[in-house]
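>>> Here you go, sequence then predicted model.
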Amino acid sequence: MKRLAAPLLFATAVGLAAAAQAAEQPIVLDTPSGQIAGTLELPGEGGKYPVALIIAGSGPTDRDGNNPMLPGRNDSLKQLAEALSDAGIASVRYDKRGIAASKPAGPEESALRFEHYADDAAAWIAKLKADPRFAAPAVIGHSEGSLVGMLAAQQAGASAFVSIAGIADTAPAVIRKQMDGKLPPDLVKESERILTALEAGNTVDNVPPALAALYRPSVQPYLISWFKYVPTKQIAALDMPVLVVQGNTDMQVEVGQANALHAAKSGARLAIIPGMNHVLKHVRAIPTQQAASYSDPSLPIDPLLVKAVADFLKRGNAE
């Protein structure tokens, strides 16, 4: 019997691992320009699951919350999906068109519009609505994904909306803040000239080389499509339960942004998570620790975030 113990333990471990892997499944959204790749996270228990669509933030951030422009991984959105699964909530997270495994579905940069992201998210919501395994889907948007999620949730009729580290200011206002004190006077003037034109819906031909990374001609149509949205107006228009979540050691998005979103939406709930940063980890507001957390997948996401989101989604599903 002793000689059988090790193989038996090994077989049990393999079986448990297989069961754990079976809870995470690939899922795709078919679009006219190609497939958008995602991951479906299913709880172990049976029955009809509450489900959430998790939308990643800006730039090349992938479905797991990782950015190839940064060293290493943080796996923030992957950990969120896993934690929600442990709480009995299914989820889908996906690579936006043009990003990671969904890169083939992305158009040329000059053809990309902010509405592409919102329409894709709305199509995911419709796909989840049509799946008999799930209750009416909720939407969770992180960072820039918060605005994408607002548009999609309203368009497709989600059951609830969660904003995590979302911005209340318009995109031009954010850019102005980011540029403040970082450019010489001549470039400040040029940046303002370009921003003003884009806000008015006009492209600009003569972009200084020093500002080309932000305002290159090929990205200007996307910026124009993005600049017209006011997050406080979008969240106010939602006709569903809303939760606004923000960490108070987030060095990218200040708590005031969450307060403004919360104030804009009558009846919204607000959860300020003490010690949570932008990648959802419990980290002090010390630059070196903050930087390290962006590349540390072993650091778990803040459990208070999980509790706030899970409690909200379960409450909404029961109503």
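Ah, there it is. Residues are numbered from 1 along each chain as shown.

>>> Pull the number of nearby residues for residue 262.
22 (other CB atoms under 10 Å). Yep, even glycine has a C-beta here, placed from its N, CA and C like the rest.

>>> mind checking how far it is from residue 256?
Counting by CB to CB, to the nearest Å, the gap from residue 262 to residue 256 is 10 Å.

>>> sec struct for residue 272, please.
strand (DSSP: H, G, I helix; E, B strand; the rest coil).

>>> What distance do you get for it to residue 50?
For residue 272, the distance to residue 50 - CB to CB - is 24 Å.

>>> between these two, who's got more neighbours?
residue 50 (25 against 16).

>>> and the more buried one, what does it touch?
88, 89, 90, 134, 135, 138, 313, 314, 316, 317 (CB atoms under 8 Å, 6 or more residues apart in numbering).

>>> With residue 243 instead?
Contacts of residue 243 (CB under 8 Å, 6+ apart): 160, 161, 162, 163, 268, 269, 270, 271, 308, 309, 312.

>>> Report how many residues lie close to residue 218.
11.

>>> Next: the one 3 residues further on.
Close neighbours of residue 221, defined as other CB under 10 Å, add up to 18.

>>> same question, residue 108
Residues near residue 108, counting by other CB under 10 Å: 8.

>>> Could you pull up phi and psi at it?
When read as degrees, to the nearest 10, the backbone of residue 108 gives phi -60, psi 150.

>>> What separation is there between it and residue 81?
Using CB to CB, which is the criterion applied here, residue 108 is 31 Å from residue 81.

>>> next one: residue 36
Taking CB to CB, one finds residue 36 at 16 Å from residue 81.

>>> and if you look at residue 275?
Applying CB to CB to residue 275 and residue 81 gives a distance of 22 Å.

>>> For the spatially most central residue of the chain, which non-adjacent residue is closest in space?
Geometric centre of the chain, nearest residue: residue 56, 2.5 Å, by CA atoms, centre = their mean. In this structure, residue 56 finds its nearest non-sequential neighbour in residue 145, 5.3 Å apart by CB to CB, 6 or more residues apart in numbering.

>>> Verify the stated contact: that neighbour with residue 55.
Yes - between residue 145 and residue 55 there is a contact under CB atoms under 8 Å: 3.5 Å.

>>> Out of the contacts of residue 50, list just those in strands.
90, 138 (DSSP state E).

>>> Out of the contacts of residue 50, who's the most crowded?
residue 138 (29 neighbours).

>>> And residue 145 and residue 55? Which one has more around it.
The neighbour count for residue 145 versus residue 55, taken as other CB under 10 Å, is higher for residue 55 (32 against 27).

>>> That one against residue 121, yeah?
Yes - assessed by CB under 8 Å, residue 55 is found in contact with residue 121 at 5.7 Å.

>>> which neighbours do these two share?
Both residue 55 and residue 121 are in contact with 139, 148, 149, 152, where contact means CB under 8 Å, 6+ apart.

>>> how close does the last one sit to residue 238?
With distances taken as CB to CB, residue 152 is found 11 Å from residue 238.
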